[in-house]
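Engineer: this one's sequence-less:
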Ligand SMILES: CC(=O)[C@@H](O)[C@H](O)COP(=O)(O)O
Ligand SMILES: NCC(=O)COP(=O)(O)O
């Protein structure tokens, strides 16, 4: 069964809008876990526009499910992850000025760098995942970095599916198959939602985990967090 990790960046965005502590991020994360989510994802960015580095330290001791920290492996991020020792780190090649993550790693060009960073996290017992586009040569490159898992960047699927193009899932199904054959675990995320998740999860084999934030928190405005998470969990059964 595919695990659901809830990305709580957007809860931090709301909190930061007023500079106080409402909504309280730790409380929200604990509630999300109690509603059945199997993981909590955060993606601290250098400008701390949503998740702050301090949030990671506050969350770590209270979480009871898998903690997944995503981000670009700059030194500050590497230090944070090593201190927090989450279950999983997901490396994302964030561009400086990007509104959100908008590309996967070039695992061929950055192979040596990824190898080095991944080895350090693995040495400290942290499972590694790297964010990749659904391209076979990038999956092959990922396998050579020593990473435990890949996270398939699902935006092009989400856009295609919303337009009615069901073939948009094909590269994902093929890359997941290849990754599995190469011994890699398969995660996926970005713009997954209640509309597209069932189809994605049915069509893509070997999916271990999806991390979902933007759509889930938006849907929760209408349905409430508990009901929304239950709806996601039903789709992943
Ligand atoms: C890695 C990824 O897919 C992103 O979706 C990210 O985790 C979300 O980041 P923002 O919340 O900053 O858009
Ligand atoms: N890794 C993807 C993630 O955590 C959430 O992405 P999104 O659902 O906010 O697009």
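Structural biologist: Done, it's in. Being a predicted model, the structure only gives us computed values, none of them experimental. Numbers count the residues shown, from 1 in each chain. Ligands and ions are numbered 1, 2, ... in the order given.
Engineer: The chain against ligand 2: which residues are in contact?
Structural biologist: Residues of the chain found near ligand 2, taking C-beta under 6 Å from any ligand atom as the criterion, are 7, 41, 70, 151, 189-192, 211-215. All C-beta atoms are positioned from the backbone trio N, CA, C, and that covers glycine.
Engineer: Looking at the residues you listed, state which has the most neighbours.
Structural biologist: residue 151 (30 neighbours; other C-beta atoms under 10 Å).
Engineer: circling back to that earlier point, and of the residues of the chain next to ligand 2, the nearest to residue 229?
Structural biologist: residue 212 (9.7 Å; C-beta to C-beta).
Engineer: Give the bridge partners for that closest one, please.
Structural biologist: residue 6 (DSSP bridges).
Engineer: That one and residue 220: what is the separation?
Structural biologist: 11 Å (C-beta to C-beta, to the nearest Å).
Engineer: repeat for residue 160
Structural biologist: From residue 160 to residue 220 the distance is 25 Å (C-beta to C-beta).
Engineer: Over to residue 89?
Structural biologist: Distance, residue 89 to residue 220, by C-beta to C-beta: 26 Å.
Engineer: same question, residue 159
Structural biologist: 23 Å.
Engineer: Among these two, which residue is more densely surrounded?
Structural biologist: Remark: of residue 159 and residue 220, residue 220 carries more neighbours, 19 against 13, as counted by other C-beta under 10 Å.
Engineer: does the more buried one really touch residue 232, like I thought?
Structural biologist: No: contact criterion C-beta atoms under 8 Å: residue 220 and residue 232 do not qualify, at 10.2 Å.
Engineer: which intervals of the protein have sub-threshold pLDDT?
Structural biologist: Across the chain, no stretch falls below the confidence threshold (pLDDT under 70).
Engineer: rerun at 90
Structural biologist: Within the chain, the segments meeting pLDDT under 90 span 95-98.
Engineer: would you list every one of the strands in it?
Structural biologist: Ranges of strands within the chain are 3-7, 39-42, 66-71, 88-91, 127-132, 149-153, 185-189, 207-212, based on DSSP state E.
Engineer: Please work out which of those strands is packed deepest.
Structural biologist: strand 88-91 (a mean of 28; mean count of other C-beta atoms under 10 Å).
Engineer: Which strands border it, and is each parallel or antiparallel?
Structural biologist: strand 66-71 (parallel), strand 127-132 (parallel).
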